[in-house]
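Novice: What would the 3D arrangement of this be:
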Amino acid sequence: MRRTALPLSLAGLLCPLLCAATAAAQAPEDEAGQAAPSTAAEADTPPATTESEAAATTEADEEAATEPAPIPTFTFGGGIRSDVRFRVHEKAVGSFYDRLTAPLGVARNENAVNAMVSAEYAPVKAVLDLDVVFYGRPETLEGLEELSLLPRVNPLRFDPRAAYVEVDGLFTDGLLLRVGQQLVRWGTARHFNPTDNLNADDVEDPLEYGRQQGNLMLRIDYRVNRYLSHAGVLVPIFRPALLPETANLAWTRVDRLGLDDAALRHRLEAEAAAAAGPLVGIPHVVREIVPELPKPAFENMQVGYRVAVDVARQHFALSYYLGRTDFPQARKRSIHYDATPVCDPDEPGTCTKGVLANAIELDYPRMHAFGLNVAGAIPLDELDEDAAPLDYHLEAALVVPERAELEIETGALPVIPAQGPGSYDYDGDGIPGGPVPETVRRTPFAKWVLGLSYRFVPELTAGLQWVHGLPEEYGAGDFISPGETVLFGGVAGPACNAVQCALSGDGTTSAYEVVRPRLGDYLTAELEVRLLDDALSLRTLAIFDLLGVTEDYFDPVEGARVRTHHSMFTPDGFSAVVVPEVEYEVIPGMGLAVGAQLKIGKERTKFGDPAEGGSTVFARARYQF
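Specialist: All right, here's what the predicted structure looks like:
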């Protein structure tokens, strides 16, 4: 980072502001909480002064006069980066009436400019860290007049990573107050941090694992001594996770709305198949997906607290978070009949008899999260005096979720069986309504990351992690407590079976699902090799799904539903992400890189899912100063 002297004219403008803030922070307060008067004339009664006190005061004034006055310091930095990516295979979901694609070709073409400036006039410090991102491709234009609108033809966004003011030593030594846009990172793991809940996740860029968004916060840190510290954070306004552009490939699937009741899921899957079949010809289509953010009210503010101990190169911390999950959950599904037929563009004679238009409402349920972070280094010099220490970390969160439900409302639907307007018949007793099904149970669940890393030689570093639960995975469901998520839901066998099941109100014998636990287990492996005096870097990150997938279907021979599990060692169950990258630093601060993000697995696996966006190759350039 380059330190640059500020021009005198600009320093003259900023210095009074910083000096005033510093004076206010340093001013003592009286018992009523008001600033103490600066002179005796401002006090109600003049203070009594003895000769010894006067002499001591004069001596102190003379010593203060010899001390140099604090000088404002300004630090500037920034950078430019370019990122071009190409999707090597098209990814698509749906049929001709609701098809969505992640097309082959250019997947990303971004240019970003970063500017960082900090101004410090002890004990006050102000920081601004801003990204300006140019998307590099125009938005979809809806008319000729939009060719005159620069934001549509050349869109960009501002991403303020930090914009805050802090005061160190406020009221007492060790107390730091920071107010403004900032990132609060308490987690110790790499890439995945279940205890970092104060900032919303930013998964818009699939290559930036662990990235989070800045948010407006009030943060207070108090370091009791060199070993013990406390921290408290207040977040007034909730911010949701930033999702990748391929997220709609998952949310437009009505079989993936997170229902916990398997019997109800099977009935809905049979009814959807019957409606889309040749007898009816009116398939379900998701036309609208609307996330509803919490209102800016006192009860929706988020709070966090952490106590940490650092001793002998070991770090221990306990934390608590009260807020919401930043990944949306389905709350309401509204279905109405649209009689307008939809025809296949490749076969104009193939048309539907209308569609069942679905509108999905999303929200962000409340949760409590109790966190644990342990990290440090294990000396290995007793085994080999030249051995580097073995670094380790454990980050875990116990999440207590609020119960979440999915309400289903319908209009008059000409399907099998016929549905009247109002609530869906959840319990299948022929009367609309019944217990509203859950999408998230109140059952507490845990996420964790346990990892090791080791530097074998200065040029070679490797690391391993066991990750239980990725950021987007939410709700109880693992080897500790039951709970599943649906990767695919439909029917097996001829359509008439689905019709019969729909009429009977029971999808047991026709529904077919591919499921996996709500919380997955993953192995991450990293390897970095640095050559040519660290100018050339060879990096690889691999993430392996350890659980595979399970098929759930009805076996007529057994006369019951059965399951077939496909482990990670089978073609149907293997799923992984591999990110190889080569970067060459041309000059200090300037690097050129090429690589790929390979998402391996069949479409009904975790990383082979079309919503993951498919495999890409990329070329990147950066310059930092």
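Novice: For the stretch 251-400 of the chain, just list every one of the helices.
Specialist: 262-276 (DSSP state H, counting those that start in this stretch).
Novice: Please save the CA atoms from the helix or strand hosting residue 83 in PDB.
Specialist: Per DSSP states H and E, residue 83 falls inside strand 73-87. Below are the C-alpha coordinates for strand 73-87, written out as PDB (Å, rounded to 0.1, in the frame of the first residue of the first chain):
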ATOM      1  CA  THR A  73      -1.600  10.900   8.100                       C
ATOM      2  CA  PHE A  74      -3.300   9.800   4.800                       C
ATOM      3  CA  THR A  75      -3.000   6.500   3.100                       C
ATOM      4  CA  PHE A  76      -4.000   5.900  -0.500                       C
ATOM      5  CA  GLY A  77      -4.300   2.600  -2.400                       C
ATOM      6  CA  GLY A  78      -6.300   1.000  -5.100                       C
ATOM      7  CA  GLY A  79      -6.300  -1.200  -8.100                       C
ATOM      8  CA  ILE A  80      -7.800  -2.300 -11.400                       C
ATOM      9  CA  ARG A  81      -8.800  -5.800 -12.300                       C
ATOM     10  CA  SER A  82     -10.300  -7.400 -15.400                       C
ATOM     11  CA  ASP A  83     -12.100 -10.700 -15.500                       C
ATOM     12  CA  VAL A  84     -13.300 -12.600 -18.600                       C
ATOM     13  CA  ARG A  85     -15.000 -16.000 -18.300                       C
ATOM     14  CA  PHE A  86     -16.500 -18.400 -20.800                       C
ATOM     15  CA  ARG A  87     -19.100 -21.100 -20.000                       C
END
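Novice: Quickly run through the sheet partners of it, with directions.
Specialist: Taking DSSP bridges as the criterion, strand 73-87 forms sheet pairs with strand 2-3 (antiparallel), strand 105-121 (antiparallel), strand 616-624 (antiparallel).
Novice: got the buried residues for that strand?
Specialist: For strand 73-87, the neighbour count (16 or more other C-beta atoms under 10 Å) marks 74-75, 77-79, 81-87 as buried. To be clear about C-beta, it is placed using only N, CA and C from the backbone, and glycine gets the same treatment.
Novice: Check stretch 269-278 too.
Specialist: Buried residues in stretch 269-278 (16+ other C-beta under 10 Å): 269-277.
Novice: Give me the contacts around that stretch.
Specialist: 254-255, 280, 282-284, 356, 415-417, 489-491, 495, 498-499, 501-502, 506-507, 510-513 (C-beta atoms under 8 Å, 6 or more residues apart in numbering).
Novice: tell me the mean pLDDT over it?
Specialist: Average pLDDT, stretch 269-278: 90.
Novice: Give the buried residues for stretch 198-214.
Specialist: For stretch 198-214, burial by neighbour count (16+ other C-beta under 10 Å) applies to 198-203, 206-207, 209-214.
Novice: Next step: the residues you listed restricted to strands.
Specialist: Using DSSP state E, the subset of those located in strands is empty.
Novice: quick revisit: I'd like the average pLDDT over the strand holding residue 83.
Specialist: 95.
Novice: for that strand, the distance to its chain's centre please.
Specialist: Put simply, strand 73-87 sits 21 Å off its chain's centre (C-alpha atoms, centre = their mean, to the nearest Å).
Novice: ok, then the element right after it?
Specialist: As assigned by DSSP H and E, the chain's next helix or strand after strand 73-87 is strand 91-93.
Novice: Next, the buried residues of the following helix or strand past that following strand.
Specialist: Beyond strand 91-93 on the C-terminal side, the first helix or strand identified by DSSP H and E is strand 100-102. By 16+ other C-beta under 10 Å, the buried positions in strand 100-102 come out as 100, 102.
Novice: helices and strands of the protein: which one has the lowest mean pLDDT?
Specialist: One helix or strand of the chain scores below all others by mean pLDDT, DSSP states H and E: helix 8-26, with a mean of 38.
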